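> Structure of the sequence below:
(one chain, ligands or ions: 1)
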Amino acid sequence: MANRRPIRRALISVYDKTGLEDLARALAGAGVELVSTGSTAARIEAAGLPVTKVEQLTGFPETLDGRVKTLHPRVHAGLLADLRLETHAAQLAELSIEPFELLVSNLYPFTDTVASGASDDECVEQIDIGGPAMVRAAAKNFPSVAVVTSPASYGDVIAALAAGGFSLDERRSLAGVAFAHIAEYDVAVAAWFARDTSDFSGTALRRSATLRYGENPHQPAALYVDPAAAPGLAQAEQLGGKEMSYNNYVDADAAWRAAHDFTEPCVAIIKHANPCGIAIGADVADAHRKAHACDPVSAFGGVIAVNAPVTVDLAKQISEIFTEVVVAPAYEEGAVAVLTAKKNLRVLQAPAWTPAAVESRQVSGGVLVQAADRIDAAGDDPANWKLVTGSEASPEVKRDLEFAWRAVRAVKSNAILLASGGATVGVGMGQVNRVDSVRLAVSRAGDRAAGSVAASDAFFPFADGPQGLIEAGVTAIVQPGGSIRDEEVIEAARAAGVTMYLTGTRHFYH
Ligand SMILES: NC(=O)c1ncn([C@@H]2O[C@H](COP(=O)(O)O)[C@@H](O)[C@H]2O)c1NC=O
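You can find the predicted model right below:
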């Protein structure tokens, strides 16, 4: 049963006055009595429409610079009376209070005020009190009242007028939207109050896509966006290809971060959140050739991120290799057509990379929150590296060491990365001891290990790690240092005449 409630009386109190006159005209035209606050009422009146000012209803002036306008029993009883109950209807009649069937309200712009750099007093003044009170009241009372909190929904109001009012299902759904709006607002206010203590952390997420499934086909999954966060991969525009999957998002995010750790044209190829190849080049096509050459077997079915516009040359290269996703900030003319000719290749254009300030991870019963790892610590600047063995690296070798140090951050710990000529040549990842990561990196590099440089995401606990690199022909190593056996580790490099730098900074990535 639709259970529509004809709209006879509406309360309108909006900060954002977009579409207000058209809505008021439609309501008045349908014979709806309009009750409204201060400047909302003035706008309706100026449009030549009849309106009852809220003060006439309450018999009380708007006061305290607008802090008290609608906070009155005549308003709230009209919003909260459950008209399924005869007792409520009788009590309203006794008090000569008319019920509302519709509330249209949107709130003071707290978040925008904070973002504008306003003073604390100005921000506090923009915490809406009367609006949320009305919205909550109407939403709770959805069996009797419909509530609309966004100008985007005014079309639905006009459609409902023609249909004889909102149905019960529609009112319930509007109530859910309204409570979500209030929750988002309150999270922003609470987070602002906790900005110095960090005692509270809240995120109000909105589902933007239902995914086919999660990490595995039996896991339902969805993508939610955080309207308070800087846009990123979650807001990427898909220009072609199949629907993005859960694993595509995870890998694309890892690739997107990896590619943006470089200012030179860079391509990162990721599979299962680990790099099969990362390279910088003269242009993006060159970078891709080098990244792909690192491990062509693993790059099959990979996710590719590019930190600069995709050229037609790069698009042609990618289209020759089975690839799941390409993500880039832009595409040069003709490049999208080349890529979208591959029906299954997902082509994404993502907003400019903005590193998050904090990141979180679910644990049973809670969430771990940390400042995000960035590549801007003192130890990430080669000028601050400490040479502990061998001779100072040539500028060319130093460039490769710096590249390796930046690229190793994209490798899951324990991470060992061999590089040569601005490209990874062997990556050892995700092992539970570092010497196995060394073996993996060296075996993947094969002949290319000889003459390459190596980076380790954390210190070597024993000399066996560097020993494995030295035996494979690695000429220079960069690592954080800090092991109690640093002397043994350094001695192994010294004995072999291998250059070793300590960064003093670690980049675990789990
Ligand atoms: N104080 C109150 O009783 C009150 N009642 C409604 N408001 C807000 O006042 C705004 C509309 O005011 P006006 O019509 O004067 O532009 C709306 O954003 C509404 O959420 C109030 N303002 C703040 O709390």
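
> what helix or strand is the closest residue to residue 235 other than its chain neighbours on?
Closest residue in space to residue 235, ignoring its immediate chain neighbours: residue 351 at 5.7 Å, by C-beta to C-beta, 6 or more residues apart in numbering. From N, CA and C alone the C-beta is placed, and that goes for glycine too. Per DSSP states H and E: residue 351 is located in neither a helix nor a strand.

> List phi and psi for residue 351.
Dihedral pair for residue 351: phi -60, psi 160, per degrees, to the nearest 10.

> measure it to the ligand for me?
30 Å (C-beta to the nearest ligand atom, to the nearest Å).

> does that residue really touch residue 234, like I thought?
No - Residue 351 is beyond contact range of residue 234, at 9.6 Å (criterion: C-beta atoms under 8 Å).

> the more surrounded of these two?
residue 234 (17 against 14; other C-beta atoms under 10 Å).

> For the stretch 101-250 of the chain, what lies in contact range of the ligand?
Residues of the stretch 101-250 of the chain lying near the ligand by C-beta under 6 Å from any ligand atom: 105-108, 128-131.

> and what of the chain?
Going by C-beta under 6 Å from any ligand atom, the residues of the chain near the ligand are 13-15, 37-40, 66-71, 105-108, 128-131.

> Pull out the buried residues from those.
13-14, 37, 40, 69-70, 105-108, 128, 130-131 (16 or more other C-beta atoms under 10 Å).

> Quick one: these as CSV, columns for distance to residue 370 too.
Below are these laid out as CSV (distance: C-beta to C-beta, whole Å):
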residue, distance to residue 370
13, 42
14, 40
37, 44
40, 44
69, 43
70, 43
105, 38
106, 35
107, 32
108, 33
128, 33
130, 39
131, 36
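
> re earlier: show only the entries of the residues of the stretch 101-250 of the chain next to the ligand found in strands.
Using DSSP state E, 105-106 are the members of these that sit in strands.

> Would you check which pair of the residues of the stretch 101-250 of the chain next to the ligand lies furthest apart?
Greatest spacing in those, by C-beta to C-beta: 106 and 129 (14.2 Å).

> what residues are up against residue 206?
180, 224-225, 227 (C-beta atoms under 8 Å, 6 or more residues apart in numbering).

> Let's see that with 10 Å instead.
Applying C-beta atoms under 10 Å, 6 or more residues apart in numbering, we find residue 206 in contact with 180, 184, 223-227.

> What's the separation between it and residue 248?
20 Å (C-beta to C-beta, to the nearest Å).

> which residue sits closest to the residue of the stretch 151-300 of the chain found nearest the ligand in space, ignoring its chain neighbours?
Scanning the stretch 151-300 of the chain for proximity to the ligand using C-beta to the nearest ligand atom identifies residue 185 as nearest, at 10.2 Å. Of all residues not flanking residue 185 in the chain, residue 107 sits nearest, at 5.9 Å (C-beta to C-beta, 6+ apart).

> and what of residue 132?
That would be residue 182: by C-beta to C-beta, 6+ apart, it lies 5.1 Å from residue 132.

> Strands along the stretch 351-500 of the chain, start to end?
358-363, 366-371, 386-389, 416-420, 423-428, 453-456, 476-479, 499-502 (DSSP state E, counting those that start in this stretch).

> mind giving me CSV with the ones you listed and columns for mean pLDDT and mean neighbour count?
Formatted as CSV, the strands of the stretch 351-500 of the chain follow (pLDDT from 0 to 100; neighbours: other C-beta atoms under 10 Å):
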stretch, mean pLDDT, mean neighbour count
strand 358-363, 94, 10
strand 366-371, 95, 10
strand 386-389, 98, 16
strand 416-420, 98, 30
strand 423-428, 98, 28
strand 453-456, 98, 31
strand 476-479, 98, 28
strand 499-502, 98, 24
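
> Can you tell me which of those is nearest to residue 312?
strand 423-428 (22.2 Å).

> got the contact list for the residue nearest to residue 507 when sequence neighbours are not counted?
Distances taken as C-beta to C-beta, 6+ apart place residue 409 nearest to residue 507, at 4.3 Å, with adjacent residues excluded. Residues near residue 409 by C-beta under 10 Å, 6+ apart: 257-258, 261, 278, 373-375, 380, 415, 417, 455, 457, 507-509.

> Check residue 486 too.
388, 459-461, 463, 479, 502.

> Between which two of these is the distance greatest?
Farthest pair in the contacts of residue 486, by C-beta to C-beta: 388 and 461, 16.4 Å.

> Spell out the secondary structure type for the residue nearest to residue 375 when sequence neighbours are not counted.
The shortest distance from residue 375 to any non-neighbouring residue, by C-beta to C-beta, 6+ apart, is to residue 261 (5.1 Å). At residue 261, secondary structure determined by DSSP: H, G, I helix; E, B strand; the rest coil is coil.

> My read is that residue 261 contacts residue 254, right?
No - if you go by C-beta atoms under 10 Å, residue 261 and residue 254 don't touch, sitting 11.3 Å apart.

> list residues touching both of those two?
With C-beta under 10 Å, 6+ apart as the test, residue 261 and residue 254 both reach 268, 410.

> for the stretch 101-250 of the chain, what spans make up the helices?
110-115, 120-125, 130-140, 154-163, 168-193, 246-259 (DSSP state H, counting those that start in this stretch).

> Can you list the helices and strands that the longest one packs against?
I take that to be helix 168-193. strand 102-106, helix 110-115, helix 120-125, helix 130-140, strand 146-148, helix 154-163 (3 or more C-beta pairs under 10 Å, 6 or more residues apart in numbering; DSSP states H and E).

> Kindly recompute the last result at 7 Å.
For helix 168-193, the packing partners by 3 or more C-beta pairs under 7 Å, 6 or more residues apart in numbering; DSSP states H and E come out as helix 110-115, helix 130-140, strand 146-148.

> contacts for the second one?
Applying C-beta atoms under 7 Å, 6 or more residues apart in numbering, the set of residues contacting helix 130-140 from outside is 13, 69-71, 75-76, 79-80, 103, 105, 107-108, 145, 147, 149, 175, 178-179, 182, 185.

> residue ranges for the helices of the stretch 251-400 of the chain, please.
284-294, 296-299, 312-319, 335-340, 395-408.

> Can I get the ones you listed in a markdown table including mean pLDDT, mean neighbour count and distance to residue 442?
A markdown table is the format used below for the helices of the stretch 251-400 of the chain (pLDDT from 0 to 100; neighbours: other C-beta atoms under 10 Å; distance: least, C-beta to C-beta, whole Å):
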| stretch | mean pLDDT | mean neighbour count | distance to residue 442 |
| --- | --- | --- | --- |
| helix 284-294 | 98 | 23 | 14 |
| helix 296-299 | 96 | 15 | 16 |
| helix 312-319 | 98 | 21 | 28 |
| helix 335-340 | 98 | 20 | 35 |
| helix 395-408 | 98 | 22 | 14 |
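
> With residue 93 as the reference, name the closest of those helices.
Among the helices of the stretch 251-400 of the chain, if distance is taken as C-beta to C-beta, the winner is helix 335-340, at 65.1 Å.

> Okay, the closest residue to residue 244 other than its chain neighbours and the ligand: tell me how far apart.
In space, and not counting its chain neighbours, residue 244 is closest to residue 346: 5.7 Å by C-beta to C-beta, 6+ apart. As judged by C-beta to the nearest ligand atom, residue 346 and the ligand stand 41 Å apart.

> Quick check: end-to-end length of stretch 258-276?
With C-alpha to C-alpha, to the nearest Å as the measure, the ends of stretch 258-276 fall 12 Å from one another.

> What number of residues are in the vicinity of residue 57?
18.

> ok, and for whichever strand or helix holds it, which residues are buried?
Per DSSP H and E, residue 57 falls inside helix 54-58. Of all the residues in helix 54-58, those buried under the rule 16+ other C-beta under 10 Å are 54-55, 57-58.

> Need the nearest residue in space to residue 200, chain neighbours excluded.
Residue 200 sits nearest to residue 194 (C-beta to C-beta, 6+ apart), 3.9 Å away.

> What pLDDT is listed against that neighbour?
Note for residue 194: predicted pLDDT of 94.
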